[in-house]
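S.K.: Give me a 3D structure for the following:
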Amino acid sequence: MQHAAGHPTDHPADNHDVIEVRGARENNLADISLDIPKRRLTVFTGVSGSGKSSLVFGTIAAESQRMINETYTAFVQSFMPSQGRPDVDALHNLSAAIIVDQERMGANARSTVGTATDAFTMLRILFSRLGSPHIGGATAFSFNAPEGMCPECEGLGRVSAIDIDELVDRDLSLNEGAISAPNFGVDSWYWQAFVQSGLLDPDKKIRDYTEAELADFLHKEATKIKTGSMNITYEGLVVKVQRLMLSKDRESMQPHIRAYVDRIATFATCGGCHGSRLSPAALSVTLAGRTIAECAGMQISDLVAFVDKIEDPSVGPLLLVLRDTLNSLVEIGLGYLSLDRESGTLSGGESQRVKMVRHLGSSLSDVTYVFDEPTVGLHPHDIARMNDLLLRLRDKGNTVLVVEHKPEVIRIADHVVDLGPGAGTNGGNLCYTGDFAGLAASDTLTGRHLGHRARLRPTPRAATGQVQIRGANTHNLDNVDVDVPLGVLTVVTGVAGSGKSSLIHGSLSKRPDVIVVDQSAIRGSRRSNPATYTGLLDPIRTAFAKANGVKAALFSANSEGACPTCKGIGLVYTDLAMMAGVASVCEDCEGRRFTAQVLAHKLDGRSISDVLAMSIAEAHDFLKVPAGRRILDRLVDVGLGYLSLGQPLTTLSGGERQRLKLAIRMAEKGSTYILDEPTTGLHLADVDQLLGLLDRLVDDGNTVVVIEHHQAVMAHADWIIDLGPGAGHDGGRVVFTGTPAELVRRGDTVTARHLREYVTS
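M.R.: Predicted coordinates for the structure are as follows:
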């Protein structure tokens, strides 16, 4: 490991100015020990899969949160998520850790930017005190309270109509499976509530129900019913489906639920409140000529100007906090949002920045803040503002730990920890600790790439045609007309909120032969892994079956061959009631997931468990089956050769999941690929490999359109479409189209200035 000059490798045990990590072995960490300075900004670097998240999130933050949880009573702990102790010998001098990650905010349709930041709460108090006419307290303006919500849509802002004939087959009885909704099949928990209610004949066809029976079956409000020795809460099918499915945020639904909801329901803006969610009384109140709904619908940067005009000593302290919160949202690059924007519609980067706002106003100090790539979704123009916020948190006396790839963020660090040298089993080692200057001078992969620049193409590829977009007006787009060239690599740029996603996803992604690889989460249980998700397990199972003359089903950990003790998971989860649950390696199969009989069957000397433990790169050399080799080729192409075939999807980073999805979509028949920030989670060294992959897609005759902020991808493009000039209503226009060289030479946009600086530095 390389150190900056004068950087000590050890500290006395009583040094409380450092977090001491000793013998960290979580995931792929190679028994590493290091000291991290407290009340400083430390950036963790390294290729994807090098162990950054395992050290920062899986070890330091996890142990801090586990120790805090242990201070609560066993009763309180029973309501908390169970956390096992990280695999580390010792951690000293930890402070309370606050994780600010990219997990999308709650799927609750009642959560908005305003409720998540408390800005709407403060606005409600303001209207209850100063609004005219006076109608009551702050809850009279809450769409989540009975007195404030619109009675027609119950505070959701939209109403849904259900097509009963899509929900129910009237020619069948309950026992014959009349209900088509997912999780309502015969013998399911929900189905039993209808059958055991005593209100309905389970053998009677729905078509033959009386009017009263049909009303009970479909529309009865929640009612307590005694069935034998049990009390159950019965509610009609439409009422239950409305509650379980239609009141959820669409983006958070599992794909099959979302597809079903799209089939059975139509949504429309509520006619009673016109989407504002509020009661007529709440909408009758004005303050400085505006209703609270108008304020919540304003772009936040405009709302700042509105709130600044309000002056009243009786609410002075409240106005101060509200202004600080709104100004922080603008400063962090979210001024284009509105307070009524649903939280579930925010991207991962936007969610992380909204969470940041909560902490900027906190008076806590000596806290450890942990960030996961806070620059995701940010234009280079906005990264400087993000850096200012990270430094402000540090200057309040906090320890700030940041996992990041962008050189602009690494440069401001007081201390850098570089992990690697590679990924997976080739990672987990300390390559460098010290300051930025030392890293830049080091011979590490990160150090060598800090000054690396992608160059402009001397001769961009010529388009083979074009797709015309005319009058695009989704969200903030201002009737945009633009031509997207075919057969080349086009990069769509612009600050966050300028309209990039609205233009491409709103106008291009719905065309035939378009393959979209976006940042939506991969949904998979702890049983899902790269082998099952990509379909690679099928040719592997077939090869084992053929080599041994047995059934292919034996080689599925979800089927016949699974170890009966752990049911094919390899771990046994023990619920300790009031104490934290424990996951331990299954003693019967020793974590290998299959029965001893199945493990006795070999393919070229390897058991099925041995093959699933292989990395994708190893399996590529081992597996001779053409169908399997094609899948493995694509996984290696997208830079995932270090992952093991059997690694649970739940342990993959966001960047790894994105590239796994890309590997699958590359097999589909299409002619246009749309990628949304594919550099997310990629180390500087991996960006070159991604550029090579994009080139191959284009050279194979495809059109590739990339929404991206990374200057290397911009420089490598054949064509650029730049949106702006700003965000929200200051954006939504095409401010440049042409080659990157033209943008650098004559462009006068924010993107042009940053790309010019990038290629000339």
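S.K.: all strands for the stretch 151-300 of the chain, in order.
M.R.: 158-162, 223-227, 230-234, 265-269 (DSSP state E, counting those that start in this stretch).
S.K.: can you check the stretch 301-450 of the chain too?
M.R.: Listed in chain order, the strands of the stretch 301-450 of the chain (DSSP E, counting those that start in this stretch) span 368-372, 399-403, 415-420, 429-434.
S.K.: Let me have those in a markdown table, extended by distance to residue 612.
M.R.: Every C-beta, even on glycine, is put in place using the N, C-alpha and C of the backbone. Supplementary listing: the strands of the stretch 301-450 of the chain in a markdown table, determined by distance: least, Cβ to Cβ, whole Å:
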| stretch | distance to residue 612 |
| --- | --- |
| strand 368-372 | 28 |
| strand 399-403 | 28 |
| strand 415-420 | 25 |
| strand 429-434 | 25 |
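S.K.: For residue 361, find the nearest of these.
M.R.: Among the strands of the stretch 301-450 of the chain, strand 368-372 comes nearest to residue 361, with 13.6 Å by Cβ to Cβ.
S.K.: Send me that closest one as PDB with only the CA atoms.
M.R.: Taking C-alpha atoms only, strand 368-372 is exported to PDB below (Å, rounded to 0.1, in the frame of the first residue of the first chain):
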ATOM      1  CA  THR A 368     -20.500  10.800  10.900                       C
ATOM      2  CA  TYR A 369     -22.300  11.600   7.600                       C
ATOM      3  CA  VAL A 370     -22.000   8.800   5.000                       C
ATOM      4  CA  PHE A 371     -22.700   9.600   1.300                       C
ATOM      5  CA  ASP A 372     -22.900   7.300  -1.700                       C
END
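S.K.: Tell me which other helices or strands that strand touches.
M.R.: When contacts are defined as 3 or more Cβ pairs under 8 Å, 6 or more residues apart in numbering; DSSP states H and E, strand 368-372 sits against strand 97-100, helix 348-360, strand 399-403.
S.K.: Kindly recompute the last result at 6 Å.
M.R.: Judged by 3 or more Cβ pairs under 6 Å, 6 or more residues apart in numbering; DSSP states H and E, strand 368-372 is in contact with strand 97-100, strand 399-403.
S.K.: So which of those strands is the most surrounded?
M.R.: Across the helices and strands packed on strand 368-372, the average number of neighbours (mean count of other Cβ atoms under 10 Å) peaks for strand 399-403, which reaches a mean of 25.
S.K.: Quick check: neighbours of that strand in the sheet, parallel or antiparallel?
M.R.: Using DSSP bridges, the strands paired with strand 399-403 in its sheet are strand 41-45 (parallel), strand 368-372 (parallel).
S.K.: Just the terminal-to-terminal distance for stretch 98-116.
M.R.: 16 Å (Cα to Cα, to the nearest Å).
S.K.: What residues sit buried inside that stretch?
M.R.: Across stretch 98-116, burial judged by 16 or more other Cβ atoms under 10 Å covers 98-102, 104-106, 108-116.
S.K.: Take those and keep only those in strands.
M.R.: Among the buried residues of stretch 98-116, the ones falling in strands (DSSP state E) are 98, 99, 100.
S.K.: Turn the strands of the stretch 301-450 of the chain into a markdown table, including mean pLDDT.
M.R.: Output for these, formatted as a markdown table (pLDDT from 0 to 100):
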| stretch | mean pLDDT |
| --- | --- |
| strand 368-372 | 94 |
| strand 399-403 | 97 |
| strand 415-420 | 97 |
| strand 429-434 | 97 |
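S.K.: Indicate which one of the ones you listed is closest to residue 630.
M.R.: Nearest to residue 630 among the strands of the stretch 301-450 of the chain is strand 415-420; the distance by Cβ to Cβ comes to 29.7 Å.
S.K.: Which neighbouring elements make contact with that closest one?
M.R.: Right, strand 415-420 is packed against strand 41-45, strand 429-434 by 3+ Cβ pairs under 6 Å, 6+ apart.
S.K.: try 8 Å this time
M.R.: Taking 3+ Cβ pairs under 8 Å, 6+ apart as the contact cut, strand 415-420 packs with strand 32-37, strand 41-45, helix 52-55, strand 429-434, helix 436-441, helix 445-449.
S.K.: any chance of these in JSON lines, with mean neighbour count and distance to residue 750 too?
M.R.: Compiled in JSON lines, these are given as follows (neighbours: other Cβ atoms under 10 Å; distance: least, Cβ to Cβ, whole Å):
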{"stretch": "strand 32-37", "mean neighbour count": "19", "distance to residue 750": "35"}
{"stretch": "strand 41-45", "mean neighbour count": "25", "distance to residue 750": "25"}
{"stretch": "helix 52-55", "mean neighbour count": "27", "distance to residue 750": "30"}
{"stretch": "strand 429-434", "mean neighbour count": "22", "distance to residue 750": "33"}
{"stretch": "helix 436-441", "mean neighbour count": "18", "distance to residue 750": "25"}
{"stretch": "helix 445-449", "mean neighbour count": "20", "distance to residue 750": "25"}
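S.K.: Can I get these in a markdown table including distance to residue 597?
M.R.: As requested, the helices and strands packed on strand 415-420 are exported to a markdown table (distance: least, Cβ to Cβ, whole Å):
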| stretch | distance to residue 597 |
| --- | --- |
| strand 32-37 | 40 |
| strand 41-45 | 45 |
| helix 52-55 | 35 |
| strand 429-434 | 39 |
| helix 436-441 | 53 |
| helix 445-449 | 45 |
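S.K.: closest to residue 300 out of those?
M.R.: Between residue 300 and these, the shortest gap by Cβ to Cβ is with strand 41-45, which sits at 27.0 Å.
S.K.: so how far is that closest one off the chain centroid?
M.R.: Centre-to-centre, strand 41-45 and its host chain are 22 Å apart (Cα atoms, centre = their mean, to the nearest Å).
S.K.: Other residues contacting it?
M.R.: Residues outside strand 41-45 that contact it (Cβ atoms under 8 Å, 6 or more residues apart in numbering): 36, 52, 55-56, 390-391, 394, 399-405, 409-410, 412-419, 439, 446, 683.
S.K.: ok, back up a step: switch the helices and strands packed on strand 368-372 over to a markdown table; also include distance to residue 632.
M.R.: Formatted as a markdown table, the helices and strands packed on strand 368-372 follow (distance: least, Cβ to Cβ, whole Å):
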| stretch | distance to residue 632 |
| --- | --- |
| strand 97-100 | 34 |
| strand 399-403 | 28 |
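S.K.: In space, what's closest to residue 634 - neighbours in sequence excluded?
M.R.: Computed as Cβ to Cβ, 6 or more residues apart in numbering, the closest residue to residue 634 that is not its neighbour in sequence is residue 663, at 4.2 Å.
S.K.: Residue 354 now?
M.R.: Leaving aside its sequence neighbours, residue 354 is closest to residue 116 (5.7 Å, by Cβ to Cβ, 6+ apart).
S.K.: confidence score at that neighbour?
M.R.: Predicted confidence (pLDDT) for residue 116: 90.
S.K.: what sits against it?
M.R.: With Cβ under 8 Å, 6+ apart, residue 116 has these contacts: 105, 343, 354, 355, 358.
S.K.: thinking residue 758 is in contact with residue 451, fair?
M.R.: No. Under the criterion of Cβ atoms under 8 Å, residue 758 is not in contact with residue 451, lying 11.5 Å apart.
S.K.: So between those two, which is more surrounded?
M.R.: residue 758 (17 against 10; other Cβ atoms under 10 Å).
S.K.: For that one, give me its contacts.
M.R.: 380, 453, 711, 712, 714, 715.
S.K.: what do you get for residue 312?
M.R.: Residues near residue 312 by Cβ under 8 Å, 6+ apart: 129, 130, 319.
S.K.: I'd like to know how far the residue nearest to the first one when sequence neighbours are not counted sits from residue 304.
M.R.: Nearest residue to residue 129, sequence neighbours excluded (Cβ to Cβ, 6+ apart): residue 315, at 5.6 Å. Using Cβ to Cβ, to the nearest Å, one obtains 17 Å as the distance from residue 315 to residue 304.
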